[in-house]
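J.: The following block contains a protein sequence and its predicted model.
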Amino acid sequence: MTAAAPVREDAATTTPALEVRDLVVRYGSGRKARAAAPAIDRVSFTVAPGETLGLVGESGSGKSTIGKAILGLQPPSEGQVLVQGRDITSLPLRKRRGLAADLRVVFQDPYSSLNPARTIGQTLVEPLPRGTADATTRARQALESVGLPGDAVDRYPTQFSGGQRQRIAIARSLVVRPKVIVLDEPVSALDLSTQAQVLNLLADLRDEHGLAFLFVAHDLGVVRFLAQRTVVLYRGQVMETGPVDDVTLHPRHPYTAALTSAAPVPRPAEQAARRAAREALGIGTAGAAAPSPTGCPFATRCPLATEVCTTERPALRQVGASLTACHHAEELTA
Ligand SMILES: Nc1ncnc2c1ncn2[C@@H]1O[C@H](COP(=O)(O)OP(=O)(O)OP(=O)(O)O)[C@@H](O)[C@H]1O
């Protein structure tokens, strides 16, 4: 695998391909739901054309909920979602489908995301507006762009391996020539060598077409390969965000440090060193007591926590190259 490509220098000055502003998502309705901690609590980020933003966090941190809010599958309680500068927050799903050309998704499981009763060609033309004259040609081109033969249009999903099916799912998202693709754990169901091939393919497609990717993943190693920047989520809040190498190599939040040391690495010696570092930090992975709603959500699991952490929610602030929401960031020597 090669390293993530640098973002073009003009990226910061162009309209973001995707912007999430102060997003809040509460599940359920009624007084009880309003009183509960939101699943997503004031999350903001942007993704520039040609950029990949990693969205990482352990299970239940809210990654899928953010993806669903962007795709219109879960209405935000507050905040906005903008695609290419256009506010799509309150567009009904039906109208959002009209935006298919801008915003697409690739899901984790290439086995359940393709209908086994339809040919690959039928699946690929499905996102195109009815009556698109060159639909089959576009389906063939999309297949070729993911390294599969154009005549795969006549075959069925069962005739393909997991990695090939994920290529087909990527081709389906490309057929409408989107600007933004939400990649929801796109390689976690694949074996390691297939993961590398699909990640390389995604990097090539992004660079060739200037695509913006929101890359949702548990695995920081995978995120580091494809993303230029990353957002680290915990209990629906941003703990840290910044350039992916800074966040992974010099974490400025104890939660990121825990995630980094938990991420699998290919070298056993490095893995053992990380495990030792994690143990030295004393950060557990098991569920801890529910945090105080007024303080840092990580306080009940954090070895650096002091009283202020339970009374004052830390705001994101610049430390090194990253923004971190930790009162004790300076105490972390990573
Ligand atoms: N439909 C739902 N109704 C109520 N609560 C939900 C629902 N979906 C998710 N949640 C809650 O929202 C929070 C965030 O869940 P979410 O699935 O977004 O996390 P995640 O980081 O994507 O986890 P995973 O990696 O396991 O998919 C969790 O506390 C979860 O229990």
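T.: Now that the structure is in, tell me what you want to look at.
J.: CA atoms for contacts and neighbours, from now on please.
T.: Noted.
J.: The strand or helix carrying Val20 - contacts with which helices or strands?
T.: Val20 belongs to strand 18-25 when elements are defined using DSSP states H and E. If contacts are counted by 3 or more C-alpha pairs under 8 Å, 6 or more residues apart in numbering; DSSP states H and E, strand 18-25 sits against strand 40-47, helix 63-71, strand 78-83.
J.: of these, which approaches Ser261 most closely?
T.: The closest of these to Ser261 is helix 63-71. By C-alpha to C-alpha, the value is 19.8 Å.
J.: got the CA positions of the closest one in CSV?
T.: Only the C-alpha atoms of helix 63-71 are listed here, as CSV (Å, rounded to 0.1, in the frame of the first residue of the first chain):
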residue,chain,number,x,y,z
LYS,A,63,-20.3,6.9,12.9
SER,A,64,-23.2,5.3,11.1
THR,A,65,-25.7,7.8,12.6
ILE,A,66,-23.7,10.6,10.9
GLY,A,67,-23.7,8.7,7.7
LYS,A,68,-27.4,8.1,7.9
ALA,A,69,-28.1,11.8,8.6
ILE,A,70,-26.0,12.8,5.6
LEU,A,71,-27.8,10.4,3.4
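J.: and the helix or strand where Leu202 lies, how far out from the chain's middle?
T.: Secondary structure from DSSP H and E places Leu202 in helix 192-209. Computed by C-alpha atoms, centre = their mean, to the nearest Å, the chain-centroid distance of helix 192-209 equals 15 Å.
J.: go on, stretch 110-123?
T.: Using C-alpha atoms, centre = their mean, the mean C-alpha position of stretch 110-123 is found 24 Å from that of the whole chain.
J.: Quote the end-to-end distance of it.
T.: In stretch 110-123, first residue to last residue: 13 Å (C-alpha to C-alpha, to the nearest Å).
J.: Now do the strand holding Val20 against strand 78-83, angle only.
T.: 160 degrees (axes from the mean of the first three to the mean of the last three C-alpha atoms, to 10 degrees).
J.: for the very next helix or strand once past strand 18-25, what is the average pLDDT?
T.: The first helix or strand that comes after strand 18-25 along the chain, using DSSP H and E, is helix 30-35. Averaging pLDDT along helix 30-35 yields 75.
J.: Just the CA trace of helix 30-35, in PDB.
T.: Only the C-alpha atoms of helix 30-35 are listed here, as PDB (Å, rounded to 0.1, in the frame of the first residue of the first chain):
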ATOM      1  CA  GLY A  30     -41.000  12.500  23.500                       C
ATOM      2  CA  ARG A  31     -39.600  14.000  26.700                       C
ATOM      3  CA  LYS A  32     -37.600  10.900  27.600                       C
ATOM      4  CA  ALA A  33     -35.700  11.000  24.300                       C
ATOM      5  CA  ARG A  34     -35.100  14.700  24.600                       C
ATOM      6  CA  ALA A  35     -33.700  14.200  28.100                       C
END
